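Visitor: Next comes the sequence, and after it the predicted model I'd like to discuss.
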Amino acid sequence: QVQLEESGGGLVQAGGSLRLSCAASERTGSSYFMGWFRQAPGKEREFVGAIARGGSRTYYAGSVKGRFTISRDNAQNTVHLQMNSLKPEDTATYYCAARGRITVPQQWLYGMDYWGKGTLVTVSS
């Protein structure tokens, strides 16, 4: 069982930046993929991005590509999401998730094994 806890959310103006962090209770290296998801009020949870164990492979949703960057530090059991050029439509609760299997899931949203409780990001216009 891997426990995940997000931090770093808050209120930011459009165009600003935030860095989210996810702390894992176990070695993040034991989870092959670490991912970030978000859920806006009244909307379904959606995939934001994911990173493979070694950090060399990353995957991003089209809506955040070029603005968001995922990184992981297996020694510190942490995963980060650097969010730049934030837009009001980025407002959501952001969740960290982990996947133990080495294959890329057909749908990231349904392919994760563990989830955090989320951290709220609000982007004002």
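Guide: Now that the structure is in, tell me what you want to look at. Residues are numbered from 1 along each chain as shown.
Visitor: In this protein, what residue spans correspond to strands?
Guide: Ranges of strands in the chain, per DSSP state E, are 4-7, 10-13, 18-24, 33-39, 46-52, 58-60, 68-73, 78-83, 92-99, 114-115, 119-124.
Visitor: Which of those strands sits closest to W108?
Guide: strand 46-52 (4.2 Å; Cβ to Cβ). Just so you know, the C-beta spots here come from the backbone N, C-alpha and C atoms, and that holds for glycine as well.
Visitor: Next, the buried residues of the closest one.
Guide: For strand 46-52, the neighbour count (16 or more other Cβ atoms under 10 Å) marks F47, V48, G49, A50, I51, A52 as buried.
Visitor: The first one and Y110 touch, don't they?
Guide: Translated: F47. No - using Cβ atoms under 8 Å, F47 is not in contact with Y110, being 10.0 Å away.
Visitor: Report the central residue of the chain.
Guide: Nearest residue to the geometric centre of the chain (Cα atoms, centre = their mean): W36, 1.9 Å.
Visitor: Pretty sure that one sits against A50.
Guide: Yes - counting by Cβ under 8 Å, A50 is a contact partner of W36 at 7.4 Å.
Visitor: what's the overlap in contacts for those two?
Guide: When contacts are counted by Cβ atoms under 8 Å, 6 or more residues apart in numbering, W36 and A50 have I70 as shared neighbours.
Visitor: just to revisit the earlier point, using CSV, lay out the strands of the chain together with mean pLDDT.
Guide: Output for the strands of the chain, formatted as CSV (pLDDT from 0 to 100):
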stretch, mean pLDDT
strand 4-7, 97
strand 10-13, 98
strand 18-24, 96
strand 33-39, 97
strand 46-52, 97
strand 58-60, 97
strand 68-73, 96
strand 78-83, 96
strand 92-99, 96
strand 114-115, 94
strand 119-124, 98
